[in-house]
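Participant: I'll drop the sequence and a predicted model, then ask my questions.
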Amino acid sequence: MRRLTLRRAPGRPLERPSAGRSITPAGAGRRGRPVRLLSATAAATVLALTASGCVTVHGELALLPPATRAEAAQALADFTAAYNKADKAHDPALDAGRVTGPLGEINQAGLRARAVTSPGNNPNHRPLELSDARFVLPRKAGWPRWFLADTDPNLDTDEGSGDQRWLLVFVRNGPEQLWEVAHLVILGPSQVPEFAEEDGYAVPVARDGEGLAVAPGDLGKAYVGFLESGRPGPFAAGPHTTLLREQREKGAKRPGLATQYLDRVADGGDFAPLGLRTKDGGAFVFFATRFFERQTAAAGYRPKVDPDIKALLTGEVRNTVTKEWVSNQAVLVKPAGADRDAVTFRARLQGVVGAQGS
C-alpha cells in the first residue's frame, strides 16, 4: 500500500477548538437519519457548585462533579432540540453551539453538504428522541468539565441486534460556555461497560493514564502507527484494525484507480482523548484521528465524486480527488501488564469533512 504525503488544504486547522457542528456525516448516505450514518457504533452538565468551576481547599483544587443529574438532563434536551432543528432545515448554524470536537466537525460538514445537495427543509427528517438517559458524572478539578450520557434512541429497534445505546460525551471549557457534544458512539446494550465509582461519582482517567496498558494520550499515535505499518501493537484484531488495513490494501490498486492513505493524530482542544475508569481496572476511552484518502485515476480519466463530497470540494478534479476524514472511536483499554489485545475497539464513527481536487 503506497503511503500518501500531502499538505493540508489552506485554511483548515489540524484540530478545531470548541465550535458548533451537527450529526450527519458527508459521504454517508443521502438521508438525514443518524442511525444510518453512524459506524458500528453524554448528556450535559451545567455548573454545579461555583461560578468559577473549582473550589480552593487548603491550597488545592477540590474534585467537583460536572453537574447535577437534572442539569445534565437539561443539557441533553437542549442538544436534542438543536439537532432536530438543524436536521430538519439542513442548516448547520442551528446546532453550531451544541456540538464540537470530532463529532462536531464530522456533522457540520454533513449539514453543509446537504444544504447544497438538498436545499431547503429535509423531507426525510424524523425527530430524534433520546430517552432512558443514564448520566455518568466524573469528578475533577478545574476546566474543562465533561460527562457521559448513555441513552436509548428512537431511531433503532428495541429488540435483537438492532437495539442500540447512543453514548454522548458533553464538554464545557468554562462557566460562560454551553455544553457541547464532542463524541458520539453507538453500542449494543450489552457492550456498554460498567464504570468504576468513588463516593458515587465516576472516575476520570488522566491523559497519561497510569495503571493502563496504553495511556489515553498515546492511543492516537499508536492507532496511526498501526494503520500505516501494520506492525503488531496493542490493538485486538477486528473490523477497525486488521480488517480495515486489509480493506485498504485491497482497494489501493484497482484497474484505472490508485488509492493512498495518510493518517494523523488529532488530539488538540476538544479533540483531546477522554476516559473513564471501568470496574475491572481498565478504562473506556474516546479518542479521534484524521486521515486523508487520495484517489488518482489513470491518464484520461477522472475519479467519480459523489454529490455529498462534491458539495465540500475545493479545486478542480482533473485526475485526483483527496478526501479528508475525521474518525471518532471508543475503545476498552486493559490494565497495565496485559500480554495481548490490550486495546479493543467498541465503536467508530467517521465522516468526510473536506475534499480537494487536482
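Facilitator: Good, I have the coordinates.
Participant: name the helices or strands packed onto the helix or strand that residue 251 is a member of?
Facilitator: Using DSSP states H and E, the element containing residue 251 is helix 242-252. Judged by 3 or more CB pairs under 8 Å, 6 or more residues apart in numbering; DSSP states H and E, helix 242-252 is in contact with helix 216-229, strand 257-266. The way it works is simple: take the backbone N, C-alpha and C, and place the C-beta from them, glycine included.
Participant: quick check, distance from that helix to the centre of its chain.
Facilitator: Helix 242-252 sits 22 Å away from the centroid of its parent chain (CA atoms, centre = their mean, to the nearest Å).
Participant: and the next element down the chain from that helix?
Facilitator: Going down the chain from helix 242-252, the next helix or strand is strand 253-254, by DSSP H and E.
Participant: what separates the spatially closest residue to residue 342 that is not a sequence neighbour from residue 338, distance-wise?
Facilitator: Closest residue to residue 342 apart from its sequence neighbours, by CB to CB, 6 or more residues apart in numbering: residue 213 at 3.5 Å. The spacing between residue 213 and residue 338, counted by CB to CB, to the nearest Å, is 4 Å.
Participant: What of residue 218?
Facilitator: Residue 218 sits 14 Å away from residue 338, going by CB to CB.
Participant: repeat for residue 83
Facilitator: Distance, residue 83 to residue 338, by CB to CB: 38 Å.
Participant: same check, this time on residue 159
Facilitator: From residue 159 over to residue 338 (counting by CB to CB), the distance is 34 Å.
Participant: more neighbours, these two?
Facilitator: Using other CB atoms under 10 Å, the more surrounded residue of residue 159 and residue 338 is residue 338, with 15 against 7.
Participant: if I read this right, the more buried one contacts residue 212, doesn't it?
Facilitator: No: using CB atoms under 8 Å, residue 338 is not in contact with residue 212, being 9.0 Å away.
Participant: Going by neighbour count, which residues of the helix holding residue 251 are buried?
Facilitator: For helix 242-252, the neighbour count (16 or more other CB atoms under 10 Å) marks 244, 245, 248 as buried.
Participant: what's the answer for stretch 193-209, then?
Facilitator: 193, 195, 196, 201, 202, 203, 204, 205, 209.
Participant: Ends of it, what's the gap?
Facilitator: End-to-end distance for stretch 193-209, by CA to CA, to the nearest Å: 18 Å.
Participant: centre of the chain versus it, how much separation?
Facilitator: Averaging C-alpha positions (CA atoms, centre = their mean) puts stretch 193-209 20 Å from its chain's average.
Participant: hang on, the earlier thing: okay if I get the helices and strands packed on helix 242-252 as JSON lines plus mean pLDDT?
Facilitator: Converted to JSON lines, the helices and strands packed on helix 242-252 look like this (pLDDT from 0 to 100):
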{"stretch": "helix 216-229", "mean pLDDT": "97"}
{"stretch": "strand 257-266", "mean pLDDT": "96"}
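Participant: how about these in TSV, adding mean neighbour count and distance to residue 120?
Facilitator: Below are the helices and strands packed on helix 242-252 laid out as TSV (neighbours: other CB atoms under 10 Å; distance: least, CB to CB, whole Å):
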stretch	mean neighbour count	distance to residue 120
helix 216-229	19	39
strand 257-266	19	33
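Participant: Which one, of the ones you listed, ends up nearest to residue 178?
Facilitator: Nearest to residue 178 among the helices and strands packed on helix 242-252 is strand 257-266; the distance by CB to CB comes to 22.4 Å.
Participant: Which strands or helices does the next helix-or-strand element following that closest one pack on?
Facilitator: For strand 257-266, the following helix or strand on the C-terminal side (DSSP H and E) is strand 274-277. Packing partners of strand 274-277 (3+ CB pairs under 8 Å, 6+ apart): strand 204-205, strand 283-297.
Participant: For strand 274-277, which strands pair with it and how are they oriented?
Facilitator: Looking at strand 274-277 with DSSP bridges, its partner strands are strand 204-205 (antiparallel), strand 283-297 (antiparallel).
Participant: Residue 117 is nearest to which of the helices and strands packed on strand 274-277?
Facilitator: Closest to residue 117 of the helices and strands packed on strand 274-277, according to CB to CB: strand 283-297, at 20.1 Å.
Participant: so residue 157 sits right up against residue 188, yeah?
Facilitator: No: using CB under 8 Å, residue 157 is not in contact with residue 188; the gap is 11.4 Å.
Participant: overlap in contacts of those two?
Facilitator: The contact sets of residue 157 and residue 188 overlap at residue 163 (CB atoms under 8 Å, 6 or more residues apart in numbering).
Participant: Torsion angles phi and psi at residue 86?
Facilitator: Per-residue torsions, residue 86: phi -70, psi -40 (degrees, to the nearest 10).
Participant: What is the burial count for it?
Facilitator: 28.
Participant: Quick check: it vs residue 94, distance?
Facilitator: 4 Å.
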